[in-house]
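> sequence plus the predicted model coming up.
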Amino acid sequence: EPTDDEEIKRAREIYKKLYTEAKEVTDKEHGKVLEAGGLHVLGSERHESRRVDNQLIGRCARQGDPGSAQFFISLEDELMRLFGGDRIKPLMERIGLEDGEVIEHPFINAAVSNAQKKIEAMHFDMRKQLLDFDNVLSKQRDIIYSLRNDILEGEGIPEETLSWFEDVIDSRMAEYLSDAKSFKWNTVGYSEWLKRAVDRDTGLSHEVMTRMAPGQIGKKTAEVIQQAWNERLAQLGEKEFGAMIRFIAIRVIDQYWKEHLLNLDKMREGIGLRGYAQKDPVVEYKRESLAMFEGMLDSVKKETMEFIFHMQVSINPPGRRRSAPGRPSGISSGAESEKGAGSGKKRKIMPNEPCPCGSGKKYKKCCGKIV
């Protein structure tokens with residue numbers, strides 16, 4: 001298009017100059033190619049993909065230039081050996097052809113083409129199945145990353161964690177109190193879990209729960225957790241409490257997500273064997289990975305709740321050094337509080353020792369996971 005822009009005009013002049021110089025060189029080379037009869041390609045083997053063979057043949061006669069392509073194949077080539085060579089070779093021997101003799105027959109070309117089609121179809125199915133497996137993980141990854149972003153980008157107390165407590169109560173009631181007959185409830189286990197989770201006496205003993213309906217137990221559990229939440233909020237303030245929750249939630253999510261990825265890799269290694277049981281490996285992978293993912297989310301919510309109520313809080317007086325980067329100020333784990341107590345001696349807590357916070361878990365499974 002015509003233009004009055006001087007820079008565009010100069011650029012066009014430079015382009016024309018470079019194009020003219022390059023065309024002089026290519027015209028000379030084109031003449032040499034024509035004198036030589038064009039490009040002749042000799043192939044010693046056919047590729048698994050017809051597309052690659054066609055691309056090679058297409059190099060020989062581009063833009064009307066002369067050229068030719070010739071392939072020399074053997075019935076012992078990998079392609080022919082896997083697809084059809086065992087049938088063609090005996091046939092040629094019955095005809096009377098000897099080793100090394102040239103075979104030119106449309107039947108050979110058809111056999112090569114069919115072999116390539118079979119391999120292409122096999123590779124397509126492999127890529128399709130790989131995509132099906134990856135789609136499962138991709139959807140789970142989107143959920144986890146979205147959850148992490150919502151927690152990190154918000155202000156104050158993350159709203160996501162507030163709804164986690166209801167989910168934790170429902171899952172624990174389903175685990176301990178799901179039987180229709182109350183005398184089969186594991187009230188002792190439920191009472192111990194709740195006491196350990198909120199790190200206080202809950203008033204929900206075995207004797208009390210045997211006289212309550214499931215709805216009453218759930219309501220009382222929510223009240224106990226809400227009371228512990230309010231006390232921790234009043235102790236820290238909304239800003240510090242929100243920072244502590246973010247720190248705990250992100251650490252727990254990352255830890256369980258890494259473990260989940262490792263478990264999926266292990267499951268995927270042997271999921272193909274389900275085909276021997278007349279089961280679709282992809283369907284089985286989707287079903288089991290979903291169950292594992294839901295279990296992981298339940299563990300994340302439960303672990304986060306327990307850490308929130310077990311973190312030891314200390315308010316630094318003015319003049320003391322600031323807390324280390326990466327940890328909200330005024331917050332320390334139970335393990336660190338244990339180290340600071342006593343006569344000044346710092347004893348290292350071993351991973352398999354009981355956690356000092358009193359949860360009843362091993363240190364590596366409790367406060368040691370965050371530290």
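Right, received. Where do you want to start? Keep in mind it's a predicted model, so treat the numbers as computed, not measured. Numbers count the residues shown, from 1 in each chain.
> now stretch 179-192: buried residues?
Neighbour-count burial for stretch 179-192 flags Trp185, Thr187, Tyr190, Ser191 (criterion: 16 or more other C-beta atoms under 10 Å). Where you see a C-beta, it was placed from the backbone N, CA and C, and this is true even at glycine.
> which one of those residues is nearest Ile119?
Tyr190 (58.9 Å; C-beta to C-beta).
> quick check: that closest one vs Glu294, distance?
From Tyr190 over to Glu294 the distance is 21 Å, taken as C-beta to C-beta, to the nearest Å.
> then Lys139?
Relative to Glu294, and taking C-beta to C-beta, Lys139 is found at 13 Å.
> neighbouring contacts of stretch 277-284?
Stretch 277-284 has contacts (C-beta atoms under 8 Å, 6 or more residues apart in numbering) with Gln129, Asp132, Phe133, Ile271, Gly272, Arg274, Gly275.
> endpoints of it, how far apart?
One end of stretch 277-284 sits 11 Å from the other (C-alpha to C-alpha, to the nearest Å).
> what comes up buried for it?
Buried-residue list, stretch 277-284, by 16+ other C-beta under 10 Å: Pro281, Val282, Glu284.
> ok, stretch 109-116 next?
Ala111, Val112, Ala115, Gln116.
> among the residues you listed, name the ones in strands.
Using DSSP state E, no member of the buried residues of stretch 109-116 sits in strands.
> just checking, Cys367 touches Pro356?
Yes. Assessed by C-beta atoms under 8 Å, Cys367 is found in contact with Pro356 at 7.2 Å.
> higher neighbour count, these two?
Cys367 (25 against 21; other C-beta atoms under 10 Å).
> could you report the pLDDT at the more buried one?
pLDDT recorded at Cys367 is 72.
> so how far is Arg251 from it?
11 Å.
> then Leu137?
Applying C-beta to C-beta, the value for Leu137 to Arg251 is 22 Å.
> those helices in this protein, which residues are they?
6-36, 50-58, 78-82, 85-95, 106-153, 159-176, 187-198, 206-209, 214-236, 238-270, 281-310, 334-340, 367-370 (DSSP state H).
> my guess is Ile144 meets Val252, correct?
No. Taking contacts as C-beta under 8 Å, Ile144 lies outside contact range of Val252: 11.8 Å.
> give me the helix or strand of the chain that scores worst on average pLDDT.
Across the helices and strands of the chain, mean pLDDT, DSSP states H and E gives its lowest value to helix 334-340, namely a mean of 42.
> not counting its neighbours along the chain, what's nearest Phe293?
Leaving aside its sequence neighbours, Phe293 sits nearest to Gln140 (C-beta to C-beta, 6 or more residues apart in numbering; 5.2 Å).
> before we move on, what about Gly43?
Phe71 (4.0 Å).
> so that neighbour touches His47, yeah?
No. Taking C-beta under 8 Å as the definition, Phe71 is not a contact partner of His47, at 9.8 Å.
> for the stretch 201-350 of the chain, give me the ranges with low pLDDT.
The model of the stretch 201-350 of the chain has pLDDT under 70 over residues 312-347, 350.
> turn the buried residues of stretch 109-116 into CSV, including pLDDT.
Below are those laid out as CSV (pLDDT from 0 to 100):
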residue, pLDDT
Ala111, 78
Val112, 81
Ala115, 82
Gln116, 84
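> and Arg232, how far from Gln226?
Applying C-beta to C-beta to Arg232 and Gln226 gives a distance of 11 Å.
> check Glu207 too.
Glu207 is 23 Å from Gln226, by C-beta to C-beta.
> same deal with Lys184?
29 Å.
> what of Ala110?
Counting by C-beta to C-beta - Ala110 and Gln226 are separated by 77 Å.
> over to Val52?
In terms of C-beta to C-beta, Val52 sits 67 Å off from Gln226.
> again, but for Phe241
Taking C-beta to C-beta, one finds Phe241 at 14 Å from Gln226.
> those two: which is more packed in?
Set Phe241 next to Gln226 and count neighbours by other C-beta under 10 Å: Phe241 wins out with 21 against 11.
> wait, what's in contact with that one?
Ile157, Arg232, Leu233.
> among these, which ones are buried?
Buried among those by 16+ other C-beta under 10 Å: Ile157, Arg232.
> closest one of the contacts of Phe241 to Asp27?
Once C-beta to C-beta is applied, the member of the contacts of Phe241 that ends up nearest Asp27 is Ile157, at 74.9 Å.
> tally of neighbours for Arg148?
Counted with other C-beta under 10 Å, Arg148 comes out at 16.
> picking up where we left off before, ok, now which ones touch the residue nearest to Phe293?
His260, Ser289, Phe293.
> tell me the spacing between the most centrally placed residue in the chain and Asp125.
Most central in the chain under C-alpha atoms, centre = their mean is Leu137, positioned 5.0 Å from the mean C-alpha point. Applying C-beta to C-beta, one obtains 19 Å for the distance of Leu137 from Asp125.
> re the thing from before, so what's the residue nearest to Gly43 up against?
Per C-beta under 8 Å, 6+ apart, neighbours of Phe71: Leu42, Gly43, Ser44, Glu45, Arg46, Asp53.
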